[in-house]
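A.B. asks: need the 3D shape of this:
(chains A, B and C)
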Amino acid sequence: MRGILLDVCDEGRNIELFVKTEKGIVKAVDENFFPCFYVLPKEVDREFRILRKLALKEGNREIRPVSVSLEKKFLRGNQVDAIRIAVAKHSDIDPLRHFIRDALHLQSFGYDLPVVRRYFLTHRLLPFCGVCLEGEIKDNELRLTRPPEPFESRMPELSVMSFDIEVYNPAGTPRPDKDPVIMISLADTGGFRKVLTWKSVPGLDYVEEVGGERQMLRRFVEIVQERDPDILVGYNTDLFDFPYLRSRAEHLGVKLKLGRDGSEPTARRRRFASATRVKGRIHCDLYAMVNFLALTGGIRLIHYTLGDVYKYLLGKEKPDIEFTEIVRCWDEGGEALKELAEYCMSDAAAALELSQELLPLFIELARIIGQSLFDVGRMTPGQMVEWLLIREAEARQELVPPRPVAEEQEEREEETYAGAYVMEPEQGLHENLVVFDFRSLYPSIIITHRIDPFNLNCECCRDGATVVPELGYHFCTKREGFIAPVLKRLVEERIKLKRELKKLEKSSEEYKKLYVRQNALKIISNSFYGMLGFSKARWYSKECAESITAFGRHYIQRTIKLAEEDGFKVIYSDTDSLHCKLGAKSKEDALRLIEKVNRILPGCIELELEDFYPRGIYITKKRYALIDEKNRMTVKGLEFVRRDWAAIAKKTQEKVLKAILVEGSPKQALEAVRRTIQDLREYKVPLEDLIIYTQLKMSLEEYKAIGPHVSVAMKLKQRGRPVEPGMMIAYVVAKGPGSISDRAFPADEFKKQRMKYDPEYYIDHQVLPAVMRIMEVLGFREEDLKGGEKQVSLSKFFQ
DNA sequence: GACTAGCGGGG
DNA sequence: GTGTACGCTAGTC
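C.D. replies: Here you go, the predicted model:
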């Protein structure tokens, strides 16, 4: 049987595969997969004999290997004898390994690889690859008699469904034990659009009214089964929608049979949150993907809400609704509820559109890494490189070192080294900018200078090898190494793709496909350096990491010099980028500079045009904001206005950045701040803009420090209002004596009792901190912003 | 100045 | 990752 591999699941003793075939989805069960690890012996024969008889008692169960064999392996490129130990279950590995470590004092390798990932490695599977299956049909499942055999095939069309839930949230943060899910929207690539809810909504044809929350969850499951998507997406579904849905379903006694085999979702804790698996479909949280792009520099925004990301990537606005309004919409019904339904629908629709932008990239990344889309969609860049290397190790019979234990990791963290060159920027507002960057600076350095932990300071090239500037290390020029050749392969493929891209029509499907692949290759290539310097990495090497930055400083400084010689004014430079003022120079001059630099610099080290920016404001190292020709802002290091800040601070910061970057007018920025300050003093600012939202994370008794939100929660309790952990506390700071906590009062009380807020708190602690860093570099002082009126507060800003 | 606590996405 | 971020900021003590 042949088909396309969709999903691989770990079912304890068995591996389950979901395969798309001509006859539909087939579930295959592999009962013959035995995870293994390797032991590095000191006395091969003796220890091999001991391990062959190895059996451990655990309670009344006996743990023994399924097989023990001798193999030739490699350790850092050198051939060694290794003892391979295969086990029936992954959970048998640890007790055996611990015994081997404690009783025989031998080192083990490759024992900390999760089963599904190991399965991909062992059988050389790729996500969505073609697979040949052989087995017997039993109970609607295919029992495999041989391991799946991969073959190359074109990417299949995958159906994608997005969903979004709305939740009743009278306490600010919804409580899954009390607050119902009130709406669920769905959208799929087949054009399906639906909002499920249990109150009537007039005049929307995509709304389906059901009898209640329980029926809604059942209908949701029914629709997912009917539409049967391959991929399920949403925004922040790992952290919110799925945990909430599962919790409600349990509460209401509804089985969320979303899996392709009718199974319920499972959550695996990973990093700080849970990732939800739906068997046979691939659940992708688009927020995780957006976070990844923010980390690798693909997107840089102030906020990463669905609306903001959608606007940035799709160039369109979507309706939005304040989270505090949801309760009102639901209670009021009618037009207000219609608005909520429209918003809910737009969230699922936007998530679906977003998935069409993001999934191709992550599918490409997953196929390069050789791990599942589910996993790769939640990896950090360093993890991606590591898993690529683990696959490479497997192919070369190289032993996979374990992730370092805590002490090892701490030791590594203490070894600091010199980083990249960062120039102190020419502070202030600049116009007509060009940014060049060496996107591939570090990869090029690794390849050009063969930087590789396996090749460090070899004996064979003591003389003659290139020495790392400042450090004096050298890298072997005779041996290939391990990491550098993998990177070289990626970079070379990317160069080939870029050459092909030039021949293609930009609007063609083929172009898009190749473009995405080269982008994926670029992202992974750029992450090798970070992996080498990451304390938790398996192939961590401080010497390699610091050699790369040393070469990097050397080349960027040389390029700055070349740009300046050509008459470009360099106003900022960080690691691999150069921000220059075009001045009297044209865009063509900028392109000519690139050519010139590229002719001079060695190897594959290549300068690229990042973009042209009509305006930019530079504050300090790593803190600046730019606006591109499409009026899209890039903000770096200034993104510190969060939900525990009043809206007035956010709004003023936005106004200031807009005035400066869009209008190019510091004066308008100044006026915006002055007006806000004046409005605050004249009590003209609406209360909504002054509310600070902070979540109560613990029960009141647990707090040692009584912050403003805790103090407000205590006041609420005194007044007989229910207070519980998880609640969102909305407060306003009043005028009067005492600490901020003393003067913080519940927002609704403020409204009812017509209390007076403290303008000076909002000026000094909210508005000014949000805008000062920017205004400062434009030459304004706090006094200028405060409009020359007599100073009421004793602010510490300019002492 | 040390320490405590919350932010992010979602609703 | 068979596991519990991370780096920053404000406010209290």
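
A.B. asks: in the stretch 101-250 of chain A, which residue sits closest to DNA strand B?
C.D. replies: Using Cβ to the nearest atom of the strand, residue A:173 is the residue of the stretch 101-250 of chain A that sits closest to DNA strand B, at 2.7 Å. C-beta here means a position set from N, CA and C on the backbone, and glycine is covered the same way.

A.B. asks: quick check: that residue is in a helix.
C.D. replies: No: under DSSP: H, G, I helix; E, B strand; the rest coil, residue A:173 falls outside any helix and is assigned coil.

A.B. asks: name the nearest residue to the residue in the stretch 351-500 of chain A that DNA strand B sits nearest to, ignoring sequence neighbours.
C.D. replies: The minimum distance from the stretch 351-500 of chain A to DNA strand B, using Cβ to the nearest atom of the strand, falls at residue A:351 (9.3 Å). By the measure of Cβ to Cβ, 6 or more residues apart in numbering, the closest residue to residue A:351 outside its immediate chain neighbours is residue A:162, 4.0 Å from it.

A.B. asks: pull out the buried residues from stretch A:332-341.
C.D. replies: With burial defined by 16 or more other Cβ atoms under 10 Å, the residues of stretch A:332-341 counted as buried are A:336-341.

A.B. asks: same question for stretch A:52-63.
C.D. replies: A:54, A:63.

A.B. asks: alpha carbons of that stretch, as CSV, please.
C.D. replies: Output in CSV follows, covering the C-alpha atoms of stretch A:52-63 (Å, rounded to 0.1, in the frame of the first residue of the first chain):
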residue,chain,number,x,y,z
ARG,A,52,24.1,-9.3,27.1
LYS,A,53,23.0,-10.8,30.4
LEU,A,54,21.7,-7.5,31.7
ALA,A,55,18.3,-7.7,33.5
LEU,A,56,17.0,-5.4,36.2
LYS,A,57,14.3,-6.0,38.7
GLU,A,58,11.8,-3.2,39.1
GLY,A,59,9.1,-4.2,41.5
ASN,A,60,8.0,-7.5,40.2
ARG,A,61,8.8,-6.6,36.6
GLU,A,62,12.0,-7.5,34.9
ILE,A,63,13.6,-5.0,32.5
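
A.B. asks: does DNA strand C sit close to that stretch?
C.D. replies: No: using Cβ under 7 Å from any atom of the strand, stretch A:52-63 never reaches DNA strand C; the gap is at least 13.6 Å.

A.B. asks: which residues touch that stretch?
C.D. replies: With contacts defined as Cβ atoms under 8 Å, 6 or more residues apart in numbering, stretch A:52-63 is touched by A:64-65, A:68, A:85, A:87, A:92, A:95-96, A:99-100.

A.B. asks: swap in stretch A:239-249?
C.D. replies: Applying Cβ under 8 Å, 6+ apart, the set of residues contacting stretch A:239-249 is A:163-165, A:167, A:174, A:176-177, A:180-181, A:213, A:217, A:234, A:254-256, A:264-265, A:267, A:273-274, A:276, A:283, A:285, A:287.

A.B. asks: one more time with 7 Å
C.D. replies: Here stretch A:239-249 makes contact (Cβ atoms under 7 Å, 6 or more residues apart in numbering) with A:164-165, A:167, A:176, A:180-181, A:217, A:234, A:256, A:265, A:267, A:273-274, A:276.

A.B. asks: cool, stretch A:602-617 as well?
C.D. replies: A:428-441, A:444, A:447-448, A:491, A:555, A:559, A:577, A:587, A:590-591, A:594, A:597-598, A:624-629, A:660-661, A:664, A:774, A:777.

A.B. asks: and stretch A:743-763, by the same measure?
C.D. replies: A:646, A:648, A:677, A:680-681, A:687, A:690-691, A:708, A:711-712, A:715-716, A:730-736, A:740, A:792-793.

A.B. asks: near DNA strand B, which residues of chain A?
C.D. replies: Proximity of chain A to DNA strand B, by Cβ under 7 Å from any atom of the strand, involves residues A:164-167, A:169, A:172-174, A:235-236, A:239-241, A:287, A:303-307, A:323, A:326, A:347, A:642-644, A:693-698, A:702-705, A:707, A:709-710, A:728.

A.B. asks: okay, and which of the residues you listed map to helices?
C.D. replies: A:287, A:306-307, A:326, A:347, A:709-710 (DSSP state H).

A.B. asks: which one of the residues you listed is nearest to DNA strand C?
C.D. replies: When those are compared against DNA strand C (criterion: Cβ to the nearest atom of the strand), the nearest one is residue A:710, at 8.3 Å.

A.B. asks: you'd agree that closest one is up against residue A:701?
C.D. replies: No: the criterion here is Cβ atoms under 7 Å, and residue A:710 misses it with residue A:701 at 10.7 Å.

A.B. asks: these two - which one has more neighbours?
C.D. replies: Neighbours per residue (other Cβ atoms under 10 Å) separate residue A:710 from residue A:701, with residue A:710 holding more: 22 against 5.

A.B. asks: now do that one against residue A:696, distance only.
C.D. replies: 7 Å (Cβ to Cβ, to the nearest Å).

A.B. asks: residue A:232 now?
C.D. replies: 32 Å.

A.B. asks: also residue A:770?
C.D. replies: From residue A:770 to residue A:696 the distance is 24 Å (Cβ to Cβ).

A.B. asks: and chain A, which residues reach DNA strand C?
C.D. replies: A:10, A:12, A:90-91, A:94, A:112-115, A:117, A:268-272, A:382-383, A:386-387, A:390, A:403, A:536-538, A:640, A:704-708, A:739-742, A:765, A:769.

A.B. asks: what's the weakest-modelled helix or strand in chain A?
C.D. replies: strand A:266-270 (a mean of 77; mean pLDDT, DSSP states H and E).

A.B. asks: now the element after it, going C-ward?
C.D. replies: Using DSSP states H and E, the helix or strand that follows strand A:266-270 towards the C-terminus is strand A:273-277.

A.B. asks: what's that next one in contact with?
C.D. replies: A:237-239, A:242-243, A:265-268, A:283, A:374, A:378.

A.B. asks: parallel or antiparallel, list what pairs with it.
C.D. replies: Counting by DSSP bridges, the strands paired with strand A:273-277 are strand A:266-270 (antiparallel).

A.B. asks: now the terminal residues of stretch A:265-283, how far apart.
C.D. replies: 10 Å (Cα to Cα, to the nearest Å).

A.B. asks: output the below-cut-off pLDDT ranges for the stretch 1-150 of chain A.
C.D. replies: Across the stretch 1-150 of chain A, nothing is flagged by pLDDT under 70.

A.B. asks: those strands in it, which residues are they?
C.D. replies: A:2-11, A:14-21, A:24-30, A:36-40, A:56-58, A:61-63, A:67-75, A:78-86, A:107-109, A:130-132, A:135-138, A:141-144, A:149-151 (DSSP state E, counting those that start in this stretch).

A.B. asks: in a markdown table, list these along with distance to residue A:368.
C.D. replies: Formatted as a markdown table, the strands of the stretch 1-150 of chain A follow (distance: least, Cβ to Cβ, whole Å):
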| stretch | distance to residue A:368 |
| --- | --- |
| strand A:2-11 | 16 |
| strand A:14-21 | 21 |
| strand A:24-30 | 25 |
| strand A:36-40 | 25 |
| strand A:56-58 | 39 |
| strand A:61-63 | 37 |
| strand A:67-75 | 23 |
| strand A:78-86 | 28 |
| strand A:107-109 | 24 |
| strand A:130-132 | 17 |
| strand A:135-138 | 30 |
| strand A:141-144 | 27 |
| strand A:149-151 | 15 |
